[in-house]
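Engineer: Okay, here's the prediction I keep looking at, along with the sequence it came from:
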Amino acid sequence: MFWKITISSVALALPLGFVAAAEKAPAVDKSGYTIFKRTPESQLRELTTDRPDLTESPYTVDAGWWQVEMDFFNNTLHHDKTGGADVKASVLGLGIVNLKVGLTNSIDLQTVIETHTRVKIQDRIAGTRTTVSGFGDTISRLKINFWGNDGGESAFGLMPFVKWPTNQHGLGNKSVEGGLIIPYAHALSGGWDMGLMTEFDFVRNEADDGYATDWLNTITFGHDIVGRLGGYLELTYLVTRGPAEATFDCGLTYGVGKHAQLDAGVNLGLSRASPDINFFTGLSFRF
C-alpha cells in the first residue's frame, strides 16, 4: 500500500542474499517502448498493484500505460490508554489515489494524492472533541525494476520518494520528507507468492530541528482462492524513536477483466503503539 494514514509496520528485513539473484531475460524484447511509444496490449504483463497490502510491488507499469490505484475509503481507529490517557482517534481517508505512468519498460512515475482526510479525536479525560478535515500531503515516487518484470521466479526494485507538505488545517507537518523503499517478490511452491519490503523514512524530528529515520519492514504471502478471487496475509514491523509498532494484515482481491481489480482488507494492531484497526476497500485499473 502506498500511503500511511497512520504509520503501521513490518516483519523481516530484506535478506542480502536476494540481491544476488540472477535476472532472467524477458520472453519478448520490450526495451524499445517508452511513455511516447506505448507497449502493445498483446505484450502487457499481468496487472500488478502496490495495494491492498502494505508491501510494495517491485513490478512497474508497462511503458506508455497509466494505472490508477485508489481507496474508496480507508478508516483507522485507535484507543490510547497509555500513561493514564483515555483518547479515542479516528482517521478517515476518502478517494486517496496513486496515479502511475510507465516511463520505460522498467521505470514508472507515481503521484500519491491524499484527496480528503478527516481526523476526529476525543479526549475523555479532558472532555474535548476535535474534528479536522481537508486535503492531505502529496507524494512523488519513482519505481525502478532491476529484474523480473517480464519473467522469472523473482523480482527486485528500488523506489525513492519525496513527500510534499500540501496538507491543510494541520493534517501533517510543513516539512519536505522522503525515503527509500526496497521491494522483493518471489514465487513459492503450491501457488503461493511471497513479498518482502524494507523501507527507510527520513522524517522531521519532534524538535523540528533536523531529521530522524524510521525503519519499516514487511512480509506478505498471497494465493489464489477460487477463480479471480485471491487473498493475502501480512506482518509488518516499524521501528521509530518511540515504541515499535506491529500489525497483522489480511485481505482479498478480485480481478475484473484484464485491466481492473477490486480489493478489501483489514490491518490489526499487535502492539500498544499500533493503531487498533484499519479497514479499507479500493479499486485499481489501467488504461
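Structural biologist: Arrived safely, thanks for sending.
Engineer: Pass me the low-pLDDT residue ranges in the stretch 1-150 of the chain, would you?
Structural biologist: Applying pLDDT under 70 to the stretch 1-150 of the chain flags the ranges 1-27.
Engineer: can you pull out the strands in it?
Structural biologist: 66-80, 87-94, 97-102, 107-113, 116-123, 128-134, 138-147 (DSSP state E, counting those that start in this stretch).
Engineer: Now distance to S271 and mean neighbour count too, for the ones you listed, in CSV please.
Structural biologist: Where C-beta positions appear, they are placed from N, C-alpha and C, glycine not excepted. Output for the strands of the stretch 1-150 of the chain, formatted as CSV (distance: least, CB to CB, whole Å; neighbours: other CB atoms under 10 Å):
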stretch, distance to S271, mean neighbour count
strand 66-80, 12, 18
strand 87-94, 16, 17
strand 97-102, 27, 20
strand 107-113, 26, 19
strand 116-123, 20, 17
strand 128-134, 25, 12
strand 138-147, 25, 19
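Engineer: quick one: which of the ones you listed is nearest F280?
Structural biologist: strand 66-80 (4.1 Å; CB to CB).
Engineer: how much does the closest one deviate in direction from strand 87-94?
Structural biologist: With axes from the mean of the first three to the mean of the last three CA atoms, to 10 degrees as the basis, strand 66-80 and strand 87-94 are set at 170 degrees to each other.
Engineer: So what touches strand 66-80?
Structural biologist: Applying CB atoms under 8 Å, 6 or more residues apart in numbering, the contact partners of strand 66-80 are 2, 5-6, 49-51, 61, 86-102, 108, 269, 275-287.
Engineer: Equivalent analysis for stretch 30-47, please.
Structural biologist: 28, 59, 62-65, 101-105, 149-150, 255, 258-261, 284, 286.
Engineer: Give me the buried subset of those.
Structural biologist: 59, 62-65, 102-105, 149-150, 255, 261, 284, 286 (16 or more other CB atoms under 10 Å).
Engineer: From those, pick the one nearest M194.
Structural biologist: For those, the nearest to M194 is Y59 (14.0 Å; CB to CB).
Engineer: Let me know whether that closest one touches W147 as I believe.
Structural biologist: No - Y59 lies out of contact with W147 (CB atoms under 8 Å); the separation is 10.8 Å.
Engineer: Find residues that contact each of the two.
Structural biologist: By CB under 8 Å, 6+ apart, the residues touching both Y59 and W147 are A155.
Engineer: what's the nearest residue to Q110 if we skip its chain neighbours?
Structural biologist: R141 (4.1 Å; CB to CB, 6 or more residues apart in numbering).
Engineer: ok, what's across the strand from that neighbour?
Structural biologist: Q110, F161 (DSSP bridges).
Engineer: show me the contacts for it.
Structural biologist: 2, 109-112, 159-161, 181.
Engineer: And these, which is closest to Y237?
Structural biologist: I181 (15.1 Å).
Engineer: Compute the number of surrounding residues for the closest one.
Structural biologist: 22 (other CB atoms under 10 Å).
Engineer: That one reaches L142, doesn't it?
Structural biologist: No - using CB under 8 Å as the test, I181 is too far from L142 to be in contact (10.3 Å).
Engineer: Determine the residues that are contacts of both of those two.
Structural biologist: 159-161.
Engineer: Of these, which count as buried by neighbour count?
Structural biologist: Counted by 16+ other CB under 10 Å, these give 159, 161 as buried.
Engineer: roughly how far is stretch 73-90 from the heart of the chain?
Structural biologist: 22 Å (CA atoms, centre = their mean, to the nearest Å).
Engineer: Apologies, that question was intended for stretch 253-263.
Structural biologist: With CA atoms, centre = their mean, you get 18 Å for stretch 253-263.
Engineer: What distance separates the opening and closing residues of that stretch?
Structural biologist: 4 Å (CA to CA, to the nearest Å).
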